[in-house]
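In: What follows is a predicted protein model with its sequence.
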Amino acid sequence: MAPPHELSPADLARYGRHLSLAEIGLAGQRKLAAARILVVGAGGLGSPAALYLAAAGVGTLGIADFDRVERHNLQRQLLHEDGDVGTPKVESALRRLRAVNPGITLNAHPEGVQPGTALDLFSEYDVIVDGTDTFGSRYLNNDAAVLTGRPLVHGNVFRFDGQVSVFDPARGGPCYRCLFPQPPPAGAVPSCGEAGVLGALCGVIGSLQALEAIKLVTGAGEPLRGRLLAHDALAQRFQILSLARDPRCAVCGEAPVIRSLEPERYATACALPSPPSVMSEPFPLEVSVTAARDMVRQEPAHARIIDVREPHELEICRLDGAEHIPLRRIPEHLAELPRDQHLLILCHHGSRSLHVTRYLRQQGFPAVSNIAGGIEAWAAELDSSLARY
């Protein structure tokens, strides 16, 4: 880390409550002013983490996110306001953080974290705060942090549960791969967009991430290195689990095999947006919402939409004419599904429906395609009257 900074009289007034803490004090506040922290993801976790880090006086704060603000983000992503819908998240994030503390340096990384640039990007910062929500991104951030020797403050949320840890092999702790050597198969675990997440829980976990980053910078207290904090919001219960470093770990073990960031290893990571799928074969794995709509309109006897969302989701919005079979009940309906029609599978964002598409193909259905982007894309591109969630 850089040498501690001197503080101005205005700084001393702003951070007075920190200066009163013996564990932080003037020395710790100077360390914060000299620190460089990167927050990956300006979403549910990145919002509270970045807000508290900016307010704490972290001298240089980077925000890495390639996404744009959507209305459903506003339930938990407090960096963004209603008027920011449609704008890049890094823009609204920096505007909000600048209003919180104009005395710090803010860096925008609108390309997010990509395999080709992650090592250079992480090398610019002292601590990495991971607020991402896909497995590919988590493994990419973990591997880049290990290879650059940077501590990674991990957080994740799912429905009413959250977790926080500090992965820091350079200082004796385990990494994310020590806990989860490989990501789960695609579609095996629903995303927060599919399963839901309590907005206030993001505030709890993101704030704990900020706290861990501050402890790492100042040396105060005992970071969650080698420990996992698990929070059950419904029971309001916290638990601490011990984590051991795995000597066989592929990236931080005694004989690591991951020495560089190969893009194909992180294929499920958040990637820069790509064009919608197009019809390039008779029954492609995925089709765009426009292609699905046109097929149903032009050949209603040969194309059918199967909506695999849950009943409560249909109460929010539904497509006229679509047949509803919840994902969990697909196996028991196999005998009823036609094999001479093109089945177009629909869910919220396209993840669950892709899982169903692959399953049906394995069961011998020749004409099954996933509707890329799900009903969210349908509402955004084709029918603005559909409620979005």
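Out: Everything's here; your move.

In: my guess is Arg339 is in a helix, correct?
Out: No. Read with DSSP: H, G, I helix; E, B strand; the rest coil, Arg339 is coil and lies in no helix.

In: ok, how many other residues are close to Tyr52?
Out: 20 (other Cβ atoms under 10 Å). Bear in mind the C-beta positions are built from the backbone N, C-alpha and C, glycine included.

In: can I assume Pro326 is in contact with Glu310?
Out: Yes. Contact criterion Cβ atoms under 8 Å: Pro326 and Glu310 qualify, at 5.7 Å.

In: Between those two, point out the one with more neighbours.
Out: Glu310 (18 against 15).

In: just for the stretch 1-150 of the chain, where's the confidence low?
Out: For the stretch 1-150 of the chain, applying pLDDT under 70 flags the ranges 1-4.

In: from what I can see, Trp229 looks like it's in a strand, true?
Out: Just to correct that, residue 229 is Leu rather than Trp. Yes. Judged by three-state DSSP, Leu229 forms part of a strand.

In: Touching, it and Ser165? I think so.
Out: Yes. Using Cβ under 8 Å, Leu229 is in contact with Ser165, at 6.8 Å.

In: Between those two, which has more neighbouring residues?
Out: Per other Cβ under 10 Å, whichever of Leu229 and Ser165 has more neighbours is Ser165, with 28 against 18.

In: is the nearest residue to the more buried one once chain neighbours are set aside in a bridge, and if so with what?
Out: Spatially, and ignoring its direct neighbours in sequence, Ser165 is nearest to Leu228 (4.5 Å; Cβ to Cβ, 6 or more residues apart in numbering). Beta bridges link Leu228 to Ser165, Leu241 when assigned by DSSP bridges.

In: Tell me how many other residues crowd Leu228.
Out: 18.

In: what residues are up against it?
Out: Residues near Leu228 by Cβ atoms under 8 Å, 6 or more residues apart in numbering: 163-165, 179, 240-243.

In: now those residues as JSON lines including distance to Val204 and pLDDT?
Out: Below are the contacts of Leu228 laid out as JSON lines (distance: Cβ to Cβ, whole Å; pLDDT from 0 to 100):
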{"residue": "Gln163", "distance to Val204": "11", "pLDDT": "96"}
{"residue": "Val164", "distance to Val204": "9", "pLDDT": "98"}
{"residue": "Ser165", "distance to Val204": "15", "pLDDT": "98"}
{"residue": "Leu179", "distance to Val204": "21", "pLDDT": "92"}
{"residue": "Ile240", "distance to Val204": "15", "pLDDT": "95"}
{"residue": "Leu241", "distance to Val204": "17", "pLDDT": "94"}
{"residue": "Ser242", "distance to Val204": "22", "pLDDT": "95"}
{"residue": "Leu243", "distance to Val204": "20", "pLDDT": "94"}
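
In: does Leu106 count as helix, strand or coil?
Out: With three-state DSSP as the basis, Leu106 sits in strand.

In: from now on call the first residue 10
Out: Done: numbering now begins at 10, and the last item shifts to Leu115.

In: So it sits against Leu70, correct?
Out: Yes. Counting by Cβ under 8 Å, Leu115 does reach Leu70; the two are 5.6 Å apart.

In: Give me the common contacts of these two.
Out: Residues touching both Leu115 and Leu70 (Cβ under 8 Å, 6+ apart) are 63, 106.

In: one step back: hmm, which of the contacts of Leu237 are the buried ones?
Out: Buried members of the contacts of Leu237, scored by 16 or more other Cβ atoms under 10 Å, are 172-174, 188, 252.

In: Next, give me the two most distant ones among the residues you listed.
Out: Val173 and Leu188 (12.8 Å; Cβ to Cβ).

In: Run through the strands of this protein in chain order.
Out: Remark: strands assigned in the chain by DSSP state E are 45-49, 69-73, 114-118, 136-139, 161-167, 170-176, 236-241, 246-251, 295-296, 312-316, 332-333, 351-355, 377-380.

In: how about those in CSV, adding distance to Ile223?
Out: Shown next, in CSV, are the strands of the chain (distance: least, Cβ to Cβ, whole Å):
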stretch, distance to Ile223
strand 45-49, 9
strand 69-73, 12
strand 114-118, 17
strand 136-139, 9
strand 161-167, 10
strand 170-176, 12
strand 236-241, 15
strand 246-251, 19
strand 295-296, 43
strand 312-316, 46
strand 332-333, 48
strand 351-355, 44
strand 377-380, 43
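
In: Select, out of the ones you listed, the one closest to Arg85.
Out: Set against Arg85 and scored by Cβ to Cβ, the strands of the chain come closest in strand 161-167, at 8.7 Å.

In: got a list of contacts for that closest one?
Out: 53-54, 58, 136-140, 142, 147, 150-151, 154-155, 171-177, 184-185, 201, 204, 206-207, 210-211, 214-215, 217-218, 221-222, 225.

In: got the angle between it and strand 170-176?
Out: Here strand 161-167 points in a direction 170 degrees away from that of strand 170-176 (axes from the mean of the first three to the mean of the last three Cα atoms, to 10 degrees).

In: Dump the C-alpha coordinates for strand 161-167 into PDB.
Out: Presented in PDB, the C-alpha positions along strand 161-167 are these (Å, rounded to 0.1, in the frame of the first residue of the first chain):
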ATOM      1  CA  LEU A 161     -10.500 -10.600  -2.100                       C
ATOM      2  CA  VAL A 162     -13.500  -9.600   0.100                       C
ATOM      3  CA  HIS A 163     -16.100 -12.000  -1.000                       C
ATOM      4  CA  GLY A 164     -19.900 -11.600  -0.500                       C
ATOM      5  CA  ASN A 165     -22.900 -13.300  -1.900                       C
ATOM      6  CA  VAL A 166     -26.700 -13.300  -1.300                       C
ATOM      7  CA  PHE A 167     -29.500 -15.600  -2.200                       C
END
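
In: tilt between that strand and strand 236-241?
Out: Angle, strand 161-167 to strand 236-241, by the same axes, to 10 degrees: 20 degrees.

In: Neighbouring strands - and their directions - for strand 161-167?
Out: According to DSSP bridges, strand 161-167 forms sheet pairs with strand 136-139 (parallel), strand 170-176 (antiparallel).

In: do you know which of the ones you listed lies nearest Asn110?
Out: The minimum distance between Asn110 and the strands paired with strand 161-167 falls on strand 136-139, with 16.5 Å, by Cβ to Cβ.
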